[in-house]
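Novice: this is a predicted model, with the sequence first.
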Amino acid sequence: MWPALCAGALALTASLNGSAVTPAPPPQDVDDNAYYRKHIIAVGSNGSALLPTITCQRDASGNRVRYSASAALMKGESAMEFPTEASSKEWRKPYYEYISAILQDIVKYHPKHVVVYIHGGMNFVTGAIEKGAQLADEYRGREKDEYRISICWSSNLFSTYGEHLSRNVEGLDDRVQGPLLLPFTLLGDVGGAVVHAPVTLARLLTNDMHAADQMLFHRIRRAYARESELEWKQDQHGPNVMSVSLGEDTRQSRVDAELMDVAAWLATLPAKAGTGPIIDGLGSGAWQMMLRRTRTMFERETSFTSKYFDSGRGGKFDVDIVNGRPVRPDGQELTRKQIDLIEKVIYTGRRGAIRLFFEEAEKVAGLGAQRANRSCYGDLTLIGHSMGTIVVNEILARFGRLKIDNIVFMAAACRTSDFLRLGVPYLERNKEARFYNLCLHPSAERVEAQPGKLMIADPIYFPLEIAPRGSLLVWIDSFLDHPESEGDRTFGRWENAILAADMFPEDINGQITMKAFGRDRQPGSAPDYSNGSEPAVLTSGGLVPRSYVNEPRQHGDFTRYKIPADPKNPNYRYTEPDYWKAESRH
């Protein structure tokens with residue numbers, strides 16, 4: 001009824017003024033996939049390449065209003081489409097052409113910077129693609145200065161837990177045993193959650209005690225001491241000194257804010273006590289499948305190729321062994337050239353989409369050339385957020401010829417030991433590479449509300465907490481991953497990272513920056529993080545908003561910037577170098 005009355009009042013006003021009011025035209029869909037596909041690589045759950053399709057709605061002024069995306073298996077990526085030509089690349093020709101278009105675009109623009117951004121877990125691939133399109137639009141027209149590529153992969157909670165329940169058996173995609181074992185797998189998850197509930201509740205309360213007073217715990221006190229030691233060494237300006245900084249937490253000095261947090265914690269404790277065991281018992285299976293998908297990006301299962309070589313299947317390379325020699329069903333013996341082709345086809349089919357991209361990048365774009373001989377770009381930066389850092393570690397280990405200038409971890413979900421094993425050797429081989437490990441303030445890490453809170457009048461808010469407090473990294477360490485040693489804890493938590501500083505070889509310390517952002521700092525109390533075009537300030541929202549330094553205070557904040565003023569139109573400032581540097585105390 002209200003829309004009709006408002007429309008009538010508007011028409012009456014227009015007639016009295018002697019003029020007609022022209023309603024604003026509705027947003028228009030813009031199909032710009034030729035552009036977006038040169039900046040997005042999408043990967044399915046099994047490591048196959050997906051073809052992204054993005055629609056961007058723009059208003060009459062050309063402003064972006066809303067993005068929507070879909071993704072379909074790229075032609076040639078399915079094992080059902082076996083090659084008919086005598087070329088190992090024919091099977092995945094569309095994806096080779098897709099990669100080639102990206103690399104040719106880089107050659108065309110010869111950008112000063114190439115930035116590859118890899119998003120984290122708990123995301124639908126379509127949502128990640130939409131974000132990739134936003135990121136591409138953010139740098140549209142600036143490709144000669146900075147060329148952005150987003151790697152998007154399927155990691156949402158529902159599909160990963162479904163895969164754990166009904167398809168994954170002993171690390172293999174088994175469509176026969178999986179469904180048969182589903183009731184027992186679910187029973188094991190639920191039973192485990194019930195049996196493990198006391199331990200889960202103890203961990204939940206321990207995390208909350210950390211949030212209330214970190215200094216009760218020796219490990220945290222040692223982390224603060226270690227950070228002070230490293231900052232002192234940094235002030236001495238010696239050789240091979242690690243850059244470190246820890247921003248100030250001003251929220252803990254505000255009694256009103258602390259009382260509000262305690263009240264919200266008490267009010268929502270029963271809900272958290274109920275969901276904690278569920279997350280521990282059922283979430284672990286989803287987490288394991290997310291880890292699996294970071295690996296299938298590089299190697300797909302043998303099932304993609306092996307069944308087309310089995311006798312009796314009628315495949316092009318159907319082979320049987322007769323008297324110790326490989327022959328076709330018609331009795332024709334295979335030549336060495338034919339067998340070599342079979343091996344090439346298998347090798348091509350087994351490679352995951354991300355591995356294939358970087359292999360082609362090394363060859364086609366000269367990304368593996370020495371710095372002095374580079375012809376396609378100025379410098380290369382890899383940015384991984386959350387589980388994206390697990391993918392970055394694999395890239396560092398597999399593509400050592402890549403001359404990567406900047407490796408940026410944002411709230412890294414990878415294990416500390418994985419970076420020491422995979423990332424540190426890369427830094428030792430490439431002395432010009434710089435590594436930045438960006439973390440939330442440790443107190444912010446522990447108190448993050450799940451799924452969030454609704455600000456009423458700062459600091460008063462309505463808690464939307466139905467799950468244990470803490471960021472995704474806290475959940476991983478406490479509930480999902482069950483670390484067996486200190487090195488198995490997530491590298492993106494400040495205390496884990498700063499205590500691991502003792503493990504880095506001394507000769508690479510000068511290549512490393514460890515930084516934790518502050519929390520609820522007032523404007524002017526922290527370094528100017530802005531790029532000069534806008535103030536580095538955000539407002540808390542609500543009836544009585546406050547202004548704060550715009551820096552990440554929650555795990556997901558690293559992937560956006562204009563929060564909460566404009567959550568649907570972020571501008572990704574945290575991916576820019578101004579935010580990677582350690583803060584100066586002087």
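Specialist: Right, received. Where do you want to start?

Novice: going forward, measure contacts and count neighbours with C-alpha atoms only.
Specialist: Fine.

Novice: which of the residues in the one helix or strand residue 186 maps to are buried?
Specialist: Assigning secondary structure by DSSP states H and E places residue 186 in helix 177-195. Neighbour-count burial for helix 177-195, counted by 16 or more other Cα atoms under 10 Å, picks out 178, 179, 181, 182, 185, 186, 189, 190, 192, 193.

Novice: ok, these vs residue 402, which is closest?
Specialist: Using Cα to Cα, residue 178 is the member of these that lies nearest residue 402, at 39.5 Å.

Novice: how far away is that closest one from residue 432?
Specialist: Taking Cα to Cα, to the nearest Å as the measure, residue 178 and residue 432 are separated by 48 Å.

Novice: same thing with residue 42?
Specialist: From residue 42 to residue 432 the distance is 30 Å (Cα to Cα).

Novice: give me the more crowded residue out of these two.
Specialist: Higher neighbour count among residue 42 and residue 432: residue 42, with 27 against 15, using other Cα atoms under 10 Å.

Novice: leaving out sequence neighbours, find the closest residue to the more buried one.
Specialist: Distances taken as Cα to Cα, 6 or more residues apart in numbering place residue 152 nearest to residue 42, at 4.7 Å, with adjacent residues excluded.

Novice: next, that neighbour: secondary structure please.
Specialist: strand (DSSP: H, G, I helix; E, B strand; the rest coil).

Novice: I'd guessed it sits against residue 41; true?
Specialist: Yes - applying Cα atoms under 8 Å as the test, residue 152 and residue 41 come out as touching, 6.1 Å apart.

Novice: I'd say residue 468 and residue 202 touch.
Specialist: No - Residue 468 lies out of contact with residue 202 (Cα under 8 Å); the separation is 11.5 Å.

Novice: these two: who's more crowded?
Specialist: residue 468 (31 against 12).

Novice: look up how far residue 55 lies from the more buried one.
Specialist: 36 Å.

Novice: same question for residue 466.
Specialist: 34 Å.

Novice: ok, now residue 385?
Specialist: 25 Å.

Novice: and residue 429, by the same measure?
Specialist: Residue 429 is 43 Å from residue 55, by Cα to Cα.

Novice: over to residue 206?
Specialist: 46 Å.

Novice: those two: which is more packed in?
Specialist: Between residue 206 and residue 55, counting by other Cα under 10 Å, residue 55 is the more crowded of the two (19 against 13).

Novice: so that one is in which element?
Specialist: strand 49-58.

Novice: I'd like the average pLDDT over that strand.
Specialist: Mean pLDDT, computed over strand 49-58, is 92.

Novice: list the helices and strands that strand packs on?
Specialist: Packing partners of strand 49-58 (3 or more Cα pairs under 8 Å, 6 or more residues apart in numbering; DSSP states H and E): strand 28-31, helix 33-36, strand 40-43, strand 64-73, helix 125-138.

Novice: now for the third one, which elements pack on it?
Specialist: Counting contacts by 3+ Cα pairs under 8 Å, 6+ apart, strand 40-43 is packed against strand 49-58, helix 125-138, strand 146-153.

Novice: give me the contacts around it.
Specialist: Contacts with strand 40-43, where a contact means Cα atoms under 8 Å, 6 or more residues apart in numbering, come from 49-52, 71, 125, 129, 132-133, 149-154, 297, 353-354.

Novice: do that again at 6 Å, thanks
Specialist: Contact with strand 40-43 is made by 49, 50, 149, 150, 151, 152, 153, as judged by Cα atoms under 6 Å, 6 or more residues apart in numbering.

Novice: in its sheet, what does it sit against?
Specialist: strand 49-58 (antiparallel), strand 146-153 (parallel) (DSSP bridges).

Novice: in the longest one, what counts as buried?
Specialist: Looking back up the chat, that one is strand 49-58. Across strand 49-58, burial judged by 16+ other Cα under 10 Å covers 49, 50, 51, 52, 53, 54, 55, 56, 57, 58.
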